[in-house]
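Novice: Sequence first, then the predicted structure, then my questions.
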Amino acid sequence: MSRSVRRVPAVAALLTLALTACDGGVHGTPGGSGVRDPYFPKAGNGGYDVGHYDLTLDYTPATRHLTGTAVITARATQDLSAFDLDLAGLHVDSVTVEGRAALFERAGQELTVRPHDDLSKGETFRTTVRYSGTPSTLTDPDGSKEGWLPTADGALGLGEPVGSMAWFPGNHHPSDKASYDLTVTVPEGLQAVSNGELADQSTKGGRTTYHWHTAQPMASYLATVAVGHFDIARGTGPHGLPILTAVDPTQAKASAKVLAQLPGIIKWEEYNFGPYPFSSTGVIVDRPGDAGYALETQNRPVFPADQFDTGTLVHELAHQWYGDSVTPESWQDMWLNEGFATYAEWLWREDHGGNSAQKTFMDLYNGDNEAIWAYPPAKPSSAAHISDSPVYQRGAMVLQKIRQKVGDDTFYDIIQGWAATRRHGSASTADFTAYVEKKAPHKDFTEIWKDWLYGDGKPARP
């Protein structure tokens, strides 16, 4: 369905824009719809790079109605006559670009915007989208739920891999990261918790508004908002790092023991992975069943209470380095998230009286879980399998093989240097292997890359 917000017929408006573009100004072409991700080809968009999202949401759990305004500041990477935003469902009420009404149309998850004037390469521009409706819960190719998940007392916004497009328009691919301001208004008595730091809170007319600010770049799949009843606590971690935790009151007692370990886990991970990459940390713990999985949402991972244990907390906090700060260039590079976070669990056990990482490696190799060898970690078989055990367990095995090859001193130099060198950016598997080879130039990694990272089937006995 096409819609014009200008007070002229759509055909006349298009003719006007065409004449304007030909009148000595910029001659742009449309940006791409999708960035050709090998597993999610429609995700993301070409022609621009987002620098900041300013999102204003108003949500009423009783009616599940969401009203939103997204102000998206971006830079054109080519001369643009039109560009796309990813948005699933919801009703678009209006779109403006640089304060002027823009034509727009919908086709599936694509919201195509045609600004009044073409945009020149290098130009920074601001797009405002006003939208409303009932946000959707999406089903991933692997059958899990994401997007906007209604809960017993509110909702959870979760985005991996593409669910964030269910509640705000954007360039929803991990290769495009931005800073965020997220302002959420909910009925008085409920809380709205998000990424970053709480910048402001106010109540008026029976509704409370929470303004959260995330200064460090964030991929949209890591953005979250949790609406409901929460016990909110503030504390500090290593070197005064602010910690904010939000726990459903019904889960407070059961979560207390694991919550108490959070500062110590951050300290241990800093020792192993380098300085914590963000300005605050914490967790959101909701009721069992509100989400079927824990997720490494930036600054503040989300956990269903029945999955809030020490190992999972170590895993999701490790993602703050590997996955959140260093984000995969494409979903094919998922093992750079999950292999590292799984290996963090191995190291934690090794340092806290459990099996060594090498024993864990050998137990997996000698075990009867054939699913680990279904495909190589750097080449998942399809979008439905990017979160299967080869990405997690065999991904961690690749890291253990590197550790065996180079020794502990060089290995820790590699994983800390990787987090520092790629801090707040995106990276591919090829970037990582090149970095490893640069850090250990006298070692031959051919067998590791060929058999363990990219090879099909179970490698020869190590």
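Specialist: Everything's here; your move.
Novice: the strands in the stretch 51-200 of the chain, which residues?
Specialist: For the stretch 51-200 of the chain, strands defined by DSSP state E, counting those that start in this stretch occupy the ranges 65-76, 80-86, 91-97, 100-101, 103-107, 110-114, 124-133, 137-139, 145-150, 155-158, 177-187, 191-194, 197-204.
Novice: got the end-to-end distance for stretch 343-363?
Specialist: This stretch, stretch 343-363, spans 14 Å end to end (CA to CA, to the nearest Å).
Novice: what's in contact with that stretch?
Specialist: Contacts to stretch 343-363, defined as CB atoms under 8 Å, 6 or more residues apart in numbering, come from residues 265, 268-269, 272-273, 310-311, 314-315, 318, 322, 395-397, 399-400, 403-404, 462. To be clear about C-beta, it is placed using only N, CA and C from the backbone, and glycine gets the same treatment.
Novice: Among those residues, name the ones in helices.
Specialist: 265, 268-269, 272-273, 310-311, 314-315, 318, 395-397, 399-400, 403-404 (DSSP state H).
Novice: check contacts around the closest residue to Glu437 other than its chain neighbours.
Specialist: Spatial nearest neighbour of Glu437, chain neighbours left out: Phe445 (6.1 Å); criterion: CB to CB, 6 or more residues apart in numbering. With contacts defined as CB under 8 Å, 6+ apart, Phe445 is in contact with Ile402, Lys405, Thr433, Val436, Glu437.
Novice: what about stretch 102-111, start to end distance?
Specialist: Terminal-residue distance, stretch 102-111 (CA to CA): 12 Å.
Novice: what is the mean pLDDT for that stretch?
Specialist: When pLDDT is averaged over stretch 102-111, the result is 97.
Novice: Same check on stretch 47-57?
Specialist: So the average pLDDT for stretch 47-57 ends up being 98.
Novice: Just the buried residues of the helix ranked longest in the chain, please?
Specialist: The longest helix of the chain (DSSP H) is helix 335-351. Applying a neighbour-count criterion of 16 or more other CB atoms under 10 Å, the buried positions in helix 335-351 are 335-349.
Novice: Quick check: the farthest pair among the residues you listed?
Specialist: Largest separation among these by CB to CB: Leu336 and Arg349, giving 21.5 Å.
Novice: Mind pulling up the pLDDT for the spatially closest residue to Gln298 that is not a sequence neighbour?
Specialist: Distances taken as CB to CB, 6+ apart put Leu222 closest to Gln298, at 4.2 Å, once the chain neighbours are dropped. pLDDT, the model's per-residue confidence, is 98 for Leu222.
Novice: now swap in His27 and tell me
Specialist: pLDDT, His27: 86.
Novice: still on that earlier bit, from the contacts of Phe445, which two are the most distant?
Specialist: So, the contacts of Phe445 by CB to CB: farthest apart are Lys405 and Thr433, at 12.5 Å.
Novice: Burial check on the residue nearest to Ala192 when sequence neighbours are not counted, number of neighbours?
Specialist: Excluding the flanking residues, the one nearest Ala192 by CB to CB, 6+ apart is Val184, at 3.7 Å. Residues near Val184, counting by other CB atoms under 10 Å, number 25.
Novice: Offset the numbering so it begins at 10, please.
Specialist: From this message on, residue numbering opens at 10, which makes the last subject Val193.
Novice: Return the members of the ones in helices among the contacts of stretch 352-372 classed as buried.
Specialist: Among these, those buried by neighbour count (16+ other CB under 10 Å) are 274, 277-278, 281-282, 319-320, 323-324, 327, 404-406, 408-409, 412.
Novice: Which of these lies at the shortest distance from Gln200?
Specialist: The closest of those to Gln200 turns out to be Ile274 (CB to CB; 24.4 Å).
Novice: residues contacting the closest one?
Specialist: Thr319, Leu322, Val323, Leu326, Trp357.
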